[in-house]
Structures are given as structure tokens and as C-alpha cells.
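> Build me a model:
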Amino acid sequence: MLQLSRSRAALYLTFLVIVWGINWPLSKYTLSFSPPLLFAGLRTCIGGLILICVALPGYKKLNWKQTWPVYVISSVLNIILFYGLQTIGLNYLPAGLFSAIVFLQPVLLGILSWLWLGEEMFGLKWIGLVLGFLGVFEISASSLAGHLSVTGIVLALGCAVSWALGTMYTKKMSARVDMVWAVALQLMIGGILLLGSGSVLEKWTDIVWNVPFVSSLLFISVFVIALGWLAYFKLVGSGEAGKVGAFTFLIPLIAITCSVLFLGERISINLVAGLVLIVGSILLVNARSIFLVKKPTGLQR
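The predicted structure follows:
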């Protein structure tokens, strides 16, 4: 796969960090109008339909008979488990704290990239990953000192594990599938199964179809789900998965800031300390690309 240019990669990362950061408090707010599984299914189905429309001109790249197991496994890890656990878990913990725990994922991603994909794991990268973990823990420390839902913590950790495994699997299989089709179909498969589960376990009549719910649902479906996942897997497929994971440590900072501003969640010195640790993590994980300038060896786009 051709490498993204630095400017395009930076643009994708900036977009991803912002919309995924906004997603956590916005999703918690939207859950006040809808049961969790139905909300998870609606947003992933809408996102999947959008990407299927984008992918249709390249229908020959689908290759369903040979690649359907890839779509199904990716859907289970990245959509059904990740969004199912996330949407239910946000009912048990503040959005900022829940997102901070989920973003242990980059630590898992860096380790799995080393073990499974053979990506280089040098000393500074190890230190950076540890600092990132400490930064996320520091951000959540004040919440951990108060009321803590064990169920919420378990669900958040489940999100982190399923997301890390799903990212690794998608990266491993990226040469076998078209990326747009891969994201579109895993969203549709996962969304249909989530809607089916929600239809059995929840009630459609409990959804409040007002302007705040519909506008939030559409924003999340288009920008967070469809465009967000597409940008994420383009980045993962074009560079080191562990490096991409390190930058996503910034997402809980935005989530916590938005949660404080719009949901009334508390801010403390832990947030400032966590920010320092996370910035240090990003610098160390990317130390070689930052301080060593390499000549281009191939085409960039």
C-alpha cells in the first residue's frame, strides 16, 4: 500500500482526534434519548450505508466469496464488541473517564504491533507507551478516588481489548481486501446484528425522535463512524499501527474537556498532569521519525 504524505497523514490524524474526542460526551448525551443497543445499531448502519454508496463504483473489488470471513471477523471485533460494550458502558461511568480507560488501547496496540506485525520496538518507544498509559491513568485518577462502577470499568477494558485486536486483524488482512469495502461491510454487518439484539432486548418506542437526538445521531454516523473509521484504517494501513495508536492518546483529552464544558464533569490537576505525560508519550513513540529525516524511497499520495 502506498504511503500517505506527511501533510495528508497529519490532516487525517487531526480530523480523527477531534471527531472521536467529541464522540464520547456526545454519545453519552444521545443515550438520554435512546436505549444503548438500538442507538449503537442505528449509528453503525447509517455509517455503513454511507460508505457502501461510496464503495459501489468499485464493486468488483468486493470479492465477497473469498473475503467474507475478513469482514465478519472485523465486524465482531471492531463493531459488535467495541460499540456494543461502549454504548452500554457509558451508562455506568462519566464519558471522560470511560474514554480514558478505553484508550489503554494504544498501549495494547503498540505491544501487539511488535508481537504480531513485527514492527520495531526500541527503547524510547517502550518508555513512550508506558508514559501514555500513565497519562491516561492520571487523567482518570480523581474519578477513581470516588464512586467507581466495576461493571463500567470491565466494559471499558473490553472495548480497549476488542479494538486493539480488531485493528491488528484489519492491518494484517489489509492486502486482501479493499479498505472502503472492509469498513463499510463491517459497519453494516455489525450494525444489523446490534439492531437485531436491540430489537429483542429493548423497545423502539423508548427512542425519543426529537431534533437533538436526530442531529446527534447523524453527526456521529457521518463524521465519527463513516469518515472516522475510514480515516483510521487508512492511517493504520499506510504506516505503523503502534504510531497511529500513540496519537490517539489525545482523544480522551478532548473527550474530557468537552465532558467538563457540556456535561458538567469535573476538571482537576490530574488532567494537566495527564496532558504532560501524553505529549511526552507521543514525542517518544515517534522519536525516530521526528528527529531522523529520511529520503523518500517511493511514491507518496
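> Only C-alpha atoms from now on, for both contacts and neighbour counts.
OK.
> what's the helix or strand that contains L155 packed up against?
Taking DSSP states H and E as the definition, L155 sits inside helix 150-173. Applying 3 or more Cα pairs under 8 Å, 6 or more residues apart in numbering; DSSP states H and E, we find helix 150-173 packed against helix 64-75, helix 82-89, helix 95-102, helix 105-116, helix 228-238.
> now the fourth one, how far from the chain's geometric center?
Taking Cα atoms, centre = their mean, to the nearest Å, one finds helix 105-116 lying 15 Å from the centre of the chain it belongs to.
> What angle do helix 150-173 and it make with each other?
40 degrees (axes from the mean of the first three to the mean of the last three Cα atoms, to 10 degrees).
> ditto for the third one
The directions of helix 95-102 and helix 150-173 differ by 50 degrees, with the same axes, to 10 degrees as the criterion.
> contacts for helix 95-102?
For helix 95-102, the external contacting residues (Cα atoms under 8 Å, 6 or more residues apart in numbering) are 24-25, 28, 89-90, 136-137, 139-140, 143, 152-153, 156-157, 159-160, 252, 255-257, 259, 265.
> Quick one: mean pLDDT over it.
For helix 95-102, the mean per-residue pLDDT is 79.
> Now do it: distance to the chain's middle.
The mean C-alpha position of helix 95-102 is separated from the chain mean by 12 Å, Cα atoms, centre = their mean.
> can you pull the contacts of the nearest residue to T44 once chain neighbours are set aside?
In space, and not counting its chain neighbours, T44 is closest to G191: 4.9 Å by Cα to Cα, 6 or more residues apart in numbering. If a contact means Cα under 8 Å, 6+ apart, then G191 has A40, G41, L42, R43, T44, C45, G48, I79, I80 as its contacts.
> N63: which of those is nearest?
G48 (17.6 Å; Cα to Cα).
> Enumerate every residue touching that closest one.
G48 neighbours (Cα under 8 Å, 6+ apart): V183, A184, L185, Q186, L187, M188, G191, A226.
> Could you verify that it is part of a helix?
Yes - with DSSP: H, G, I helix; E, B strand; the rest coil as the criterion, G48 is part of a helix.
> Distance check, it against W229.
As judged by Cα to Cα, to the nearest Å, G48 and W229 stand 10 Å apart.
> neighbours of L13, just the number please.
18 (other Cα atoms under 10 Å).
> Need the three-state assignment for it.
Applying three-state DSSP: L13 is helix.
> show me what contacts it?
Here L13 is in contact with A231, Y232, L235, F247 (criterion: Cα under 8 Å, 6+ apart).
> May I ask which two of these are separated the most?
Spatial extent of the contacts of L13 (Cα to Cα) is set by the pair A231 and F247 at 13.3 Å.
> shared neighbours of G48 and W229, anything?
V183.
> low-confidence ranges in the stretch 1-150 of the chain?
1-4, 117, 139-148 (pLDDT under 70).
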